[in-house]
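Peer 1: Any chance you could fold what I've pasted below:
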Amino acid sequence: MTQAYTIDRGSNWRRQAVRDWLFGLDLVTAELQERIVTAWVSSWASSSHERLEDMPFSPGGNVFPLMQHVNEVTRAGVDLGKRAAADWGTELDPEVLVPILILHDLDKPLLYRRQGAGAVHTDLYHELPHGVIGAMMLKELGFAHAIVSTVATHATNAPFHGRNLEAHVLHYADLFAADHAFRAMGETPLYLRRR
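Peer 2: Numbering: from 1, shown residues only. The predicted structure follows:
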């Protein structure tokens with residue numbers, strides 16, 4: 001493997017496009033916003049995708065936009081976080097929860113590439129599991145351990161998952177939004193699949 005990604009702190013046009021895309025940036029501090037934007041710009045600039053709109057959520061014959069999935073996860077997760085606070089009596093720190101939601105699929109632009117009307121795996125997909133490359137980038141950018149470890153272990157096929165409440169919220173927000181994406185792609189949603 002060559003270098004999986006390069007940190008890109010420039011690319012002002014990309015920075016603006018990412019800011020315009022992401023739901024929830026206004027829920028965190030300006031400093032954290034900048035690191036989130038840098039993470040997504042770095043993933044995009046390191047990928048084969050010319051436009052944000054080209055990034056697929058998953059490989060397959062039909063493409064669902066990763067941009068839409070990320071925002072659906074973030075909106076659902078913010079709502080679930082409020083529900084958890086009301087029902088469980090536990091406030092979730094937005095400086096931890098929101099970055100986890102926005103950044104959970106940070107490595108997908110590096111793992112999937114467009115091919116014709118669909119998308120396929122890149123070579124990198126076969127080298128490191130989903131979540132790990134994104135976590136590596138987040139660690140390099142100085143994100144908190146809870147954010148790094150949750151992104152690293154959030155995939156449904158990960159050998160273990162985070163035990164923090166933010167990981168719990170991400171799990172259900174991600175599955176909720178993923179099932180919408182799979183339905184839109186004409187595929188079986190996760191809750192109907194048998195192992």
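
Peer 1: Following the helix or strand hosting Trp40 in sequence, what is the next regular element?
Peer 2: Trp40 belongs to helix 30-45 when assigned by DSSP states H and E. Later in the chain than helix 30-45, the nearest helix or strand by DSSP H and E is helix 66-88.

Peer 1: what angle sits between that next one and helix 30-45?
Peer 2: 140 degrees (axes from the mean of the first three to the mean of the last three C-alpha atoms, to 10 degrees).

Peer 1: Just the buried positions in helix 66-88, please.
Peer 2: For helix 66-88, the neighbour count (16 or more other C-beta atoms under 10 Å) marks 66-78, 80-81, 84 as buried. All C-beta spots, glycine's among them, are computed from the backbone N, C-alpha and C.

Peer 1: center of this protein, which residue is that?
Peer 2: For the chain, the residue nearest the mean C-alpha position is Asp105 (2.2 Å; C-alpha atoms, centre = their mean).

Peer 1: residues contacting that one?
Peer 2: Contact analysis of Asp105 by C-beta atoms under 8 Å, 6 or more residues apart in numbering lists 57, 66, 69-70, 73, 134.

Peer 1: ok, so of those, who is nearest Arg9?
Peer 2: Gly134 (17.5 Å; C-beta to C-beta).

Peer 1: secondary structure class for the residue nearest to the centre of the chain?
Peer 2: Of the three states, Asp105 takes coil under DSSP: H, G, I helix; E, B strand; the rest coil.

Peer 1: and it, how far is that from Ala135?
Peer 2: Using C-beta to C-beta, to the nearest Å, we find Asp105 at a distance of 12 Å from Ala135.

Peer 1: Then Asp87?
Peer 2: From Asp87 across to Ala135, the span is 29 Å (C-beta to C-beta).

Peer 1: Fine by me, thanks again.
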